[in-house]
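J.: 3D, please:
(one chain, ligands or ions: 3)
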Amino acid sequence: MYSIPIPTPSIHGETHNAIGLTAAQYGGAPSTLCGGCGHDSITAAIKQACFELAIQPHQLVKLSGIGCSSKTPAYFVSGAHGFNAVHGRMPPVATGAYAAHGGLIYLGVSGDGDTGSIGLGAFMHAMRRQIRMLYIIENNGVYGLTKGQFSAMADRTSKTKQGVENLYMPMDPVRLAIQTGAGFVGRGFSGDKEKLVPLIKAGLEYPGFALLDVLSPCVSFNNHDNSTKSYHHIRRHEHPVSPTNKREAMSVLDDCEERGEIAMGLLYQDPLGSHLHQREGTSATPLRDIPVASLRPPAGWLSQFQAGCR
Ligand SMILES: Cc1ncc(C[n+]2csc(CCOP(=O)(O)OP(=O)(O)O)c2C)c(N)n1
Ligand code: SF4
Ligand SMILES: [Mg+2]
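T.: Numbering: from 1, shown residues only. Ligands and ions are numbered 1, 2, ... in the order given. Take a look at the predicted model:
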């Protein structure tokens with residue numbers, strides 16, 4: 001059961017959105033993350049985006065896996081539907097929910113570990129199948145929740161606080177997304193809310209799979225001088241881009257990488273977009289509203305079908 005928030009009259013002069021809700025009505029439980037964690041800034045940006053888009057809380061479905069990042073859906077839009085899946089398995093849960101009800105707004109929040117390690121296969125298939133959702137990776141380069149081990153998205157030259165270098169090539173989620181079929185691909189920074197809110201709003205409205213890789217420093221384990229995912233490093237190396245097509249997006253990513261810069265902004269957008277329900281031509285009626293009688297074949301159908309197979 002969800003509760004439909006009742007628009008409250010303005011008593012302190014707060015701003016109301018198009019459906020009469022205040023920004024506070026897009027809030028959630030108090031955060032339990034470390035003070036200064038980038039993930040909390042992304043939560044603030046999500047709240048603002050949902051408020052500005054005047055999303056009915058009961059139209060939103062929040063999904064996540066395991067990690068500090070995956071805890072964050074508890075901190076915004078408490079009137080939304082929510083599912084906190086096991087580690088790396090948010091995409092299949094999103095796929096199932098979306099298959100059953102294509103008319104809701106799906107927002108997945110995951111981490112670089114949850115997505116790039118245990119959940120990589122599931123992530124790739126959600127993009128390939130064009131689930132209509134906004135998938136946000138809160139990317140800090142480490143497993144924050146388990147105390148800062150490098151994730152598969154940690155940069156090759158990045159070092160731990162103790163000076164140990166990452167030996168492995170990074171997996172770049174925006175490249176994977178562009179190659180695998182995501183129609184909307186962008187990169188943002190938790191420290192730049194002004195640019196992040198419009199990206200989140202566009203991703204929530206996109207009629208297909210939208211991926212946002214949001215760099216989000218872990219202040220406890222990966223915000224030191226030798227980290228490439230620190231506030232300092234990101235601020236000094238971000239490079240705003242706006243490529244026009246897939247080929248250009250990939251070449252812009254290559255150029256930035258060669259110069260040690262981080263391509264930031266909307267990296268690729270298929271203007272039309274497409275999603276699973278469109279491709280499969282499925283019913284616009286959510287599964288729960290289709291009468292059982294119309295789902296069940298009439299009596300005798302099975303024997304007729306079997307006879308036709310002999
Ligand atoms: C099956 C399973 N394996 C391992 C873990 C341990 N574990 C918890 S969170 C996590 C990684 C989280 O990293 P990330 O997704 O980047 O989230 P962050 O905490 O950095 O936001 C791991 C390995 C687990 N909970 N379940
Ligand atoms: S450990 Fe890192 S990612 Fe987790 S809450 Fe603290 S700062 Fe954020
Ligand atoms: Mg992480």
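J.: I'd say Leu53 and Gly203 touch.
T.: No - contact criterion CB atoms under 8 Å: Leu53 and Gly203 do not qualify, at 10.8 Å. Every C-beta, even on glycine, is put in place using the N, C-alpha and C of the backbone.
J.: give the contact list for Gln149.
T.: Residues near Gln149 by CB atoms under 8 Å, 6 or more residues apart in numbering: Val142, Tyr143.
J.: Not counting residues beside it along the chain, what's closest to Gly35?
T.: Closest residue to Gly35 apart from its sequence neighbours, by CB to CB, 6 or more residues apart in numbering: Val219 at 7.6 Å.
J.: For that neighbour, identify the helix or strand it belongs to.
T.: Val219 is part of no helix or strand, with elements assigned from DSSP states H and E.
J.: Is ligand 3 within reach of the longest helix along the chain?
T.: In terms of residue count, the longest helix belonging to the chain (DSSP state H) is helix 38-52. No - remark: helix 38-52 sits outside contact range of ligand 3, by CB under 5 Å from the ion, the gap being at least 8.9 Å.
J.: Next one: the residue nearest to Gly35 relative to ligand 3, how far apart?
T.: Computed as CB to the ion, to the nearest Å, the Val219 to ligand 3 distance reads 12 Å.
J.: Tell me the predicted confidence for that residue.
T.: On pLDDT, Val219 comes in at 98.
J.: Give the burial count for it, as a bare number.
T.: 17 (other CB atoms under 10 Å).
J.: same question, Ile200
T.: Applying other CB under 10 Å, I find that Ile200 has 27 neighbouring residues.
J.: residue contacts, the residue lying closest to it once chain neighbours are set aside?
T.: The spatial neighbour of Ile200 that comes closest, neighbours along the chain excluded (CB to CB, 6+ apart), is Ala49 at 4.0 Å. Applying CB under 8 Å, 6+ apart to Ala49 gives the contacts Val197, Ile200, Lys201, Leu204.
J.: cutoff 6 Å now
T.: Listed by CB atoms under 6 Å, 6 or more residues apart in numbering, the contact partners of Ala49 are Val197, Ile200, Lys201.
J.: Among those residues, which are located in helices?
T.: Val197, Ile200, Lys201.
J.: Kindly indicate which of the residues you listed lies nearest ligand 2.
T.: Ile200 (19.0 Å; CB to the nearest ligand atom).
J.: Pass me the low-pLDDT residue ranges in the stretch 51-200 of the chain, would you?
T.: Across the stretch 51-200 of the chain, nothing is flagged by pLDDT under 70.
J.: Can you name the residues of it that neighbour ligand 3?
T.: By the rule CB under 5 Å from the ion, the part of the stretch 51-200 of the chain lying against ligand 3 is Gly111, Asp112, Gly113, Asn140, Gly144.
J.: quick one, phi psi at the closest residue to the fourth one other than its chain neighbours?
T.: In other words, Asn140. Leaving aside its sequence neighbours, Asn140 sits nearest to Cys218 (CB to CB, 6+ apart; 3.9 Å). Taking degrees, to the nearest 10, you get phi -90, psi 100 for the backbone angles of Cys218.
J.: how many neighbours does Cys218 have?
T.: Neighbour count of Cys218, defined by other CB under 10 Å: 30.
J.: For it, which residues are in contact?
T.: Shown in contact with Cys218 (CB under 6 Å, 6+ apart): Asn140, Val142, Gly144.
J.: ok, now Gly88?
T.: Contacts for Gly88 (CB under 6 Å, 6+ apart) come out as Gly65, Asp114, Ile118, Gly119, Ala122.
J.: Turn these into CSV, including distance to Gly96, neighbour count and secondary structure.
T.: Below are these laid out as CSV (distance: CB to CB, whole Å; neighbours: other CB atoms under 10 Å; DSSP: H, G, I helix; E, B strand; the rest coil):
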residue, distance to Gly96, neighbour count, secondary structure
Gly65, 15, 26, coil
Asp114, 18, 32, helix
Ile118, 18, 16, helix
Gly119, 15, 24, coil
Ala122, 12, 21, helix
